[in-house]
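> Dropping the sequence and predicted coords here.
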Amino acid sequence: MSNYPDVRLRRLRRTPSLRRMFDAPMPGPGKFIWPVFVVEGKRQRQKIAAMPGQYRCSVDTLLKELRPVAKSGIGGILIFGLVENSQKDGAGSAAHDDRGAVQQAVRAVHREYPDLVIFTDVCLCAYTTHGHCGPLTADGDVDNDSANEMLAKTAVSHAAAGADGVAPSAMMDGQVRAIRSALSSDGFHQTLLMSYSTKFASSMYGPFREAEQSAPQKGDRRGYQASYGNARLALRESALDEAEGADILMVKPSLFYLDIIARLRESTDLPLAVYNVSGEYSMLIAAADRGWGVLRDMVRESSMALVRAGTDLLISYW
Ligand code: PBG
Ligand code: ZN
């Protein structure tokens, strides 16, 4: 009885109603976090050529863009900031400016859309003249421990503006511990810390670096972001961030790392997020533009792959 012709697996997927009954549901909007880019100024809505459909907005425009998005019941947003080149320095100090675009966006969005969960990206690469994620030592390496000080100040300034959660993405050793302890000593006991805990040195960040104008001027990020050839070391990154006080872990990019997502899901009880990054977004748009696939179907299939692998949250431009 355990085989064909008695067993016919097609019975369980014969009609749309049966498939609806037995398939896992598509994740609803509440599970999605939309990354947004904010610039200084007013009435700005700058097209990002490498990411069709995404814009750099000033705070006033962002509030308008968010109206339908908030109405859709989306879970939250993840805010990235940009500054003029003249405000960049070697250490990225503009990142913790209380009047910076991110800090202003947090206050305004919090006021206008109290139900949206607001996360902020905490990194320095969009604020340093050299484009690395922390200040450099004399020999050109990223100075881990001074980066942590700047990241902690930046996280505190985002929390002070009213962010629900801060999301450090610099891949410095000890950044989660440094941020958690700075938040605690300043009384921000409720601020969520969503760590980009396993973030790979990936070739899929290109469109984002165009959006953020944050590409390193010299060298690359392989000395601090995880190496895709070393899965064990990449998983230790997340384990350590859990021990340092992260509330939410993250794998980034997403679709090339389903094994890592599944393994991390097995090894932690923390909520798990994945970042479906810019290159993954633009890749599907490019394929659809050439008539090589139907965009909506590709988006649904790839989002379901991430859920199947075990993610709770999807950070996504879709
Ligand atoms: C910067 C940062 C990057 C992304 C998020 N934060 C790029 C990088 O590390 O160079 C990538 C996001 C995306 O590609 O959508 N720390
Ligand atoms: Zn960075």
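Now that the structure is in, tell me what you want to look at. Residues are numbered from 1 along each chain as shown. Ligands and ions are numbered 1, 2, ... in the order given.

> same for the longest helix along the chain, what does it pack against?
In the chain, assigned by DSSP state H, the helix with the most residues is helix 144-161. In this structure, helix 144-161 packs against helix 101-112, strand 117-122, strand 165-168, helix 175-185, with contacts taken as 3 or more CB pairs under 8 Å, 6 or more residues apart in numbering; DSSP states H and E. (C-beta placed from N, C-alpha, C; glycine too.)

> Please identify the most buried of those.
Of the helices and strands packed on helix 144-161, the one with the most neighbours on average (mean count of other CB atoms under 10 Å) is strand 165-168, at a mean of 27.

> so which of the helices and strands packed on helix 144-161 comes closest to residue 195?
Checking the helices and strands packed on helix 144-161 against residue 195 by CB to CB gives helix 175-185 as the closest, at 5.2 Å.

> Work out the gap between that closest one and the centre of the chain.
20 Å (CA atoms, centre = their mean, to the nearest Å).

> now the angle from it to strand 117-122?
Relative orientation of helix 175-185 and strand 117-122, computed by axes from the mean of the first three to the mean of the last three CA atoms, to 10 degrees: 120 degrees.

> Helix 175-185 versus helix 144-161: what angle between them?
If you take the same axes, to 10 degrees, helix 175-185 sits at 40 degrees to helix 144-161.

> tell me the mean pLDDT over helix 175-185?
The average pLDDT within helix 175-185 is 98.

> right, is that helix up against ligand 1?
No: Helix 175-185 lies out of reach of ligand 1 by CB under 6 Å from any ligand atom, never closer than 11.2 Å.

> immediately after that helix, which helix or strand?
strand 192-193 (DSSP states H and E).

> Past that next one, which element shows up next along the chain?
By DSSP H and E, the next helix or strand past strand 192-193 is strand 198-199.

> Tell me which other helices or strands that next one touches.
By 3+ CB pairs under 8 Å, 6+ apart, strand 198-199 packs against helix 231-243, strand 249-252.

> is any part of the shortest one close to ligand 1?
No: using CB under 6 Å from any ligand atom, no contact is recorded between strand 249-252 and ligand 1, whose separation bottoms out at 7.0 Å.

> is the least confident helix or strand in the chain by mean pLDDT anywhere near ligand 1?
Within the chain, confidence by mean pLDDT, DSSP states H and E is lowest for helix 206-212 among all helices and strands, at a mean of 92. Yes: remark: helix 206-212 sits within contact range of ligand 1 at 208, 209, by CB under 6 Å from any ligand atom.

> Just the residues contacting that helix, thanks.
By CB atoms under 8 Å, 6 or more residues apart in numbering, the surrounding residues in contact with helix 206-212 are 37, 48-51, 54, 56, 80, 82, 125-126, 214-215, 277-279, 281-282.

> roughly how far out does that helix sit from the chain middle?
The mean C-alpha position of helix 206-212 is separated from the chain mean by 13 Å, CA atoms, centre = their mean.

> CA atoms only: put it into CSV for me.
Below are the C-alpha coordinates for helix 206-212, written out as CSV (Å, rounded to 0.1, in the frame of the first residue of the first chain):
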residue,chain,number,x,y,z
GLY,A,206,26.5,46.9,-6.1
PRO,A,207,23.1,48.7,-6.8
PHE,A,208,22.9,49.6,-3.1
ARG,A,209,26.3,51.2,-3.1
GLU,A,210,25.2,53.3,-6.0
ALA,A,211,22.1,54.3,-4.1
GLU,A,212,24.1,55.1,-0.9
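
> need the residues of the stretch 201-318 of the chain near ligand 1, please.
So the stretch 201-318 of the chain meets ligand 1 at 205, 208, 209, 221, 277, 278 (CB under 6 Å from any ligand atom).

> and the two most separated of these?
So, these by CB to CB: farthest apart are 221 and 278, at 14.7 Å.

> Residue 140 reaches residue 219, doesn't it?
Yes: using CB atoms under 8 Å, residue 140 is in contact with residue 219, at 7.2 Å.

> Look at these two and report which has more neighbours.
The residue with more neighbours, out of residue 140 and residue 219, is residue 219; 14 against 11, by other CB atoms under 10 Å.
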